[in-house]
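**Student:** Sequence first, predicted coordinates after that:
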Amino acid sequence: MKTIITALVATALSFNASASHLHTAACPANCPEMVTAGKTVSKSYEQKVAEMKLAAEDKVSMLHYRQTMQNTLSEVEKQKHQNAIENLEAEKAFNKMMAHTLETIEHQKLNDQLEDVGAGYRFEQMMVQTLSKVAGRS
């Protein structure tokens, strides 16, 4: 990670330096200033070891980052599934309660209708008796 941040800062600084520098003259092709030696500069053992350590640190940091992200994403998925299960259970309980409520209302309506029919029958019987008594007196 340190290497990545250092590289980003160095890149930003080099872009800034090149942007503020003005080139006023163009060097022709095969200009002596353009010719560079093909010789590579060998690095010391300590530099190579330091670069290898930085690369290893970067890989370990990236591995930890990936593991953390995977764990976080799996926790998010787990929580989403738990929420979905809780929602289904709540919906099931609501539907069960509503079915019971509607069943109770239907039973009450049926009882009310039976009571109305019984009251109507009793009223008719009472009227028949009253009319027969009235007709018997006349």
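**Tutor:** Alright, I've got the coordinates.
**Student:** Could you check stretch 121-138 and say which residues are buried?
**Tutor:** For stretch 121-138, a neighbour-count test (16 or more other CB atoms under 10 Å) marks nothing as buried. To be clear about C-beta, it is placed using only N, CA and C from the backbone, and glycine gets the same treatment.
**Student:** For Tyr121, see how far away Gln129 is.
**Tutor:** Here Gln129 is placed at a distance of 13 Å from Tyr121 (CB to CB, to the nearest Å).
**Student:** ugh, typo on my part, it should be Ala84
**Tutor:** 55 Å.
**Student:** Who are the packing partners of the helix or strand that contains Gln129?
**Tutor:** Following DSSP states H and E, one finds Gln129 within helix 45-137. Judged by 3 or more CB pairs under 8 Å, 6 or more residues apart in numbering; DSSP states H and E, helix 45-137 is in contact with helix 2-20.
**Student:** Name the SS class of Ser42, please.
**Tutor:** coil (DSSP: H, G, I helix; E, B strand; the rest coil).
**Student:** give me the number of residues near it?
**Tutor:** For Ser42, the count of nearby residues is 8 (other CB atoms under 10 Å).
**Student:** same thing with the one 10 residues further on?
**Tutor:** Each residue near Met52 was counted by other CB under 10 Å, and the total is 10.
**Student:** Begin at 403 from now on, thanks
**Tutor:** Right, with 403 as the first residue, what we last looked at is Met454.
**Student:** Roughly how far does it sit from Ser446?
**Tutor:** Distance from Met454 to Ser446, by CB to CB: 13 Å.
**Student:** likewise Glu477?
**Tutor:** According to CB to CB, Glu477 and Ser446 sit 46 Å apart.
**Student:** Kindly report the same for Asn497.
**Tutor:** To Ser446, Asn497 is 76 Å away according to CB to CB.
**Student:** can you check Glu526 too?
**Tutor:** Computed as CB to CB, the Glu526 to Ser446 distance reads 118 Å.
**Student:** could you give me the average pLDDT of the helix holding Gln531?
**Tutor:** Average pLDDT, helix 447-539: 94.
**Student:** Might you report the residue contacts of Val530?
**Tutor:** By CB atoms under 8 Å, 6 or more residues apart in numbering, no residues touch Val530.
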